[in-house]
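1. need a structure here:
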Amino acid sequence: MSKIIEIVSQPWMGTFFGILGIVAASYFYRKSRYISKLAYQHEDVTLLGEADAAFPDEVKILFDGKDVPRVTSNKVILWNAGNTTIGASQLVASDPFRIELKEKSSSILKVRIINKTREVNGFRVHEQKDEMFKRELHFDFLDPNDGVVFEIIHSGGRKDLDIKGTIKGIPSGIGDLGIIYSTKRSKGIYPFENINKVMVVAALIGFCMILYGIFKPNIVELFPQLISTPKPDDPTKISWAPVVTGLAYTIMPLMLLWIKRKRYPAVLDDVQEEKSEQGT
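-> Numbers count the residues shown, from 1 in each chain. Prediction:
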């Protein structure tokens, strides 16, 4: 018990707990606020017409009797990322909620709804026959974590697709949270089935190194037969070399895990792709 009291009474422990308290207060404050947010992630694949296309140039695709030189597939996961309900009355008719190609000469060939959280949300896609480069999106309401997964097949480039529109109560617009990361991307690139597990192990090793550097004097005193390093004269002195190395081992994997984290609701995972239907 005296060892624990000695460690807790160190001057740096007050700073550590102070920072921890600030982080916790900030987190709980953000959780208590009412936030309206609509967000999406996407996965873009060129099927035909580019050097890295999934199909060879010998494959030809016709749309409305005409040859389509380039075909791209964009999978979009769209959901209510806030903590309040978004209703149909918040959609603005003068700037409708829609998917749109940046190149107006390109055409949206097909929209397929892959999955949705609930049928009652009434999510639907409306075709503009006179403007083939865009489709309007409609829904009755979206509660927090309600959403939809849909695939857009079009003749534009991989980064031509955009989601636009004005929604009352969300002045910042629809948030693009980047590409969809999956474990499939890791296979064949890394010698591990799931690189996330490796990053977790690296972070744990780094954390252990930080603890060793901070509590090295106490560890040397408790286990003198296991550690040949002599006990330092100053028992409060921190060994900075393992602390700095441990910080690098901890921060870098945690940053990668944060970037690659799954942001959309788990119910919208690809495993439920059997719930597909043709967008109209």
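2. from Gly175, how far out is Asp140?
-> From Asp140 across to Gly175, the span is 21 Å (C-beta to C-beta, to the nearest Å). Every residue, glycine included, has its C-beta placed from N, CA and C.
3. for the stretch 101-250 of the chain, just list every one of the strands.
-> 108-116, 124-127, 134-138, 141-142, 147-154, 161-164, 175-179 (DSSP state E, counting those that start in this stretch).
4. Asp140 and Gly175: which has the busier surroundings?
-> Gly175 (16 against 12; other C-beta atoms under 10 Å).
5. can you tell me which residues contact the nearest residue to that one once chain neighbours are set aside?
-> Leaving out its chain neighbours, the residue that sits closest to Gly175 by C-beta to C-beta, 6 or more residues apart in numbering is Ala39, at 4.0 Å. The contact partners of Ala39, by C-beta atoms under 8 Å, 6 or more residues apart in numbering, come to Leu78, Trp79, Ala81, Ile174, Gly175, Asp176, Leu177, Arg263.
6. show me which pair in those residues is furthest apart.
-> The largest separation in these, counting by C-beta to C-beta, is between Ile174 and Arg263 at 13.8 Å.
7. more neighbours: which of those two?
-> Comparing Ile174 with Arg263 by other C-beta under 10 Å, the one with more neighbours is Ile174, at 19 against 16.
8. who are the contact partners of the more buried one?
-> Taking C-beta under 8 Å, 6+ apart, we find Ile174 in contact with Leu38, Ala39, Tyr40, Leu78, Phe97, Ile163, Lys164, Gly165, Ile167.
9. can you list those in CSV and add pLDDT and distance to Ala203?
-> Shown next, in CSV, are the contacts of Ile174 (pLDDT from 0 to 100; distance: C-beta to C-beta, whole Å):
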residue, pLDDT, distance to Ala203
Leu38, 94, 32
Ala39, 94, 26
Tyr40, 94, 29
Leu78, 95, 31
Phe97, 96, 40
Ile163, 94, 34
Lys164, 94, 39
Gly165, 95, 39
Ile167, 95, 38
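10. most surrounded residue in the residues you listed?
-> Most surrounded of the contacts of Ile174: other C-beta under 10 Å gives Leu78, at 26 neighbours.
11. who does Glu151 form a beta bridge with?
-> Lys75, Arg112 (DSSP bridges).
12. how many residues are close by it?
-> For Glu151, the neighbour count with other C-beta under 10 Å is 18.
13. quick one, domains of the protein?
-> Listed by automatic domain parsing, the domain ranges of the chain are 1-33, 38-180+268-278, 182-261.
14. which one of those domains is the most hemmed in?
-> Mean neighbour count (mean count of other C-beta atoms under 10 Å) peaks for domain 38-180+268-278 among the domains of the chain, with a mean of 16.
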